[in-house]
Each structure stands twice: as structure tokens, then as C-alpha cells.
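Undergrad: build me a structure from this.
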Amino acid sequence: LTKSYVMGDQTVHALRGVSLDIEAGDFVAIMGPSGSGKSTLLNLAGALDRPTSGRVLIDGVDLSALSARQLAAVRRTKVGFVFQDFNLIPSLTAAENVFLPLELDGLPLRDCRLLADQALAEVELEGVADRFPDELSGGERQRVAVARALIGERSLVLADEPTGALDTHTGELILRLLRDRCDLGAAGLLVTHDARLAAWAD
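TA: Purely as a prediction, here's the structure:
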């Protein structure tokens, strides 16, 4: 993969010739200084951006061959993404943020809520399902984002600094959940600055 951005009269090369295969069950950590292209790589892997050149394949499907509607379906059904800035929808409750991908796929609302409650319990957030993001702490919002990324049958889980707003205990809980999901057959890609967190990866 290569990815370049034109900024004024300059071209910024965010990625140059990156090649990476992650198999089902693998948990891979990407480390590097700020500005080295880690988040760009995640955005390309998660079908949030298109490469300047090269190909991204998820479950053998070349993303460059898909329409915008098909890409949205891939993001909804196959990819779980933990964003560094959470990307929660302010007008939705914690539970609604978590089950939104399932609801968009047509799962009955009652089933969506049950699965969201289970996902929130996994990240130790019982009791906040009906609160809105601005009623939650930064660490709670981050855990809601993790619950959303792990709900449903995701074959690829992408995490951009997923423990940045968390204390040590909660950070380890989140890494254990990501590790467990990969042990169950998902492919995982983690971006982190912390070698202790990268040690959870293969």
C-alpha cells in the first residue's frame, strides 16, 4: 500500500510500500512515533479510506472493487473499529451507539438491546446503557467504543490507541477482550505507543 496526501504545494507520503497479512486468529500490534502512518494504515484496513496505490482485502474481497454501499456493508458487518477519539454519536445513548451496526443490518431492536447490554457488561459498564456520551467520563466513552467494536460477528478488529483514556486495570481488561476475540478467530490490528500493550499481541 501507498497513501499520499497533497497539502498545499507539498505531497505527504503517509505510507510507502506497506505489505501486511493478518490471518484469522492473529493479533498484530503496530508501533511507531506520531506521524509514522499508523492511523492511516488502520483507516485503509478498515475501509474508511482508499489507498493511493495497492490493494486491501478482507476475507479475500478486494475493497477497491466495491461500491460505496458495499463498503458500508463491510464496515458494518465485518470490521470492528475502536477510534482514538471514540466517534460516538452524541444523540444516541451508550446502548444505541453499541448496537447501531446491528440495527442498521436489520436485527430486531429487542435483540439489539440484549446484545448491547451484554457487550457493555463485558467492558464493566453495567448501568450506563441509557446515558448519553456527554454524561460519561472519557474512560467510559472509550469502553463504549470498544463494546461497539466487538458486538456481532466481526472478522477484523482494528484498535487505534484503545486504552488511552483508561486506568491500568481497565486497560488490561480491554486488551484481554481484544486478545480473546482474536483467539476465537477474528484478526486483530492494534496501534499503540505502549510496549506493554503491544506485548499482548502475537
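Undergrad: assign a three-state SS to the residue most central in space within the chain, would you?
TA: When C-alpha atoms, centre = their mean is applied to the chain, the residue found nearest the centroid is Phe81 (1.5 Å). At Phe81 the chain is in strand, as set by DSSP: H, G, I helix; E, B strand; the rest coil.
Undergrad: hang on, it packs against Pro162?
TA: No - counting by C-beta atoms under 8 Å, Pro162 is not a contact partner of Phe81; they are 10.1 Å apart. In this view, the C-beta of every residue, glycine as well, is placed from N, C-alpha and C.
Undergrad: give the other helices and strands that the longest helix seen in the chain contacts.
TA: The longest helix of the chain (DSSP state H) is helix 168-183. Counting contacts by 3 or more C-beta pairs under 8 Å, 6 or more residues apart in numbering; DSSP states H and E, helix 168-183 packs against strand 27-30, helix 138-150, strand 156-160, strand 187-191.
Undergrad: and it, what's buried?
TA: Buried residues in helix 168-183, counted by 16 or more other C-beta atoms under 10 Å: 170-171, 173-175, 177-179, 181-182.
Undergrad: equivalent analysis for stretch 8-21, please.
TA: For stretch 8-21, a neighbour-count test (16+ other C-beta under 10 Å) marks 14-15, 18 as buried.
Undergrad: please apply the same query to stretch 117-133.
TA: So, applying 16+ other C-beta under 10 Å, buried residues of stretch 117-133: 117, 119-120, 122-123, 125, 128-129, 132-133.
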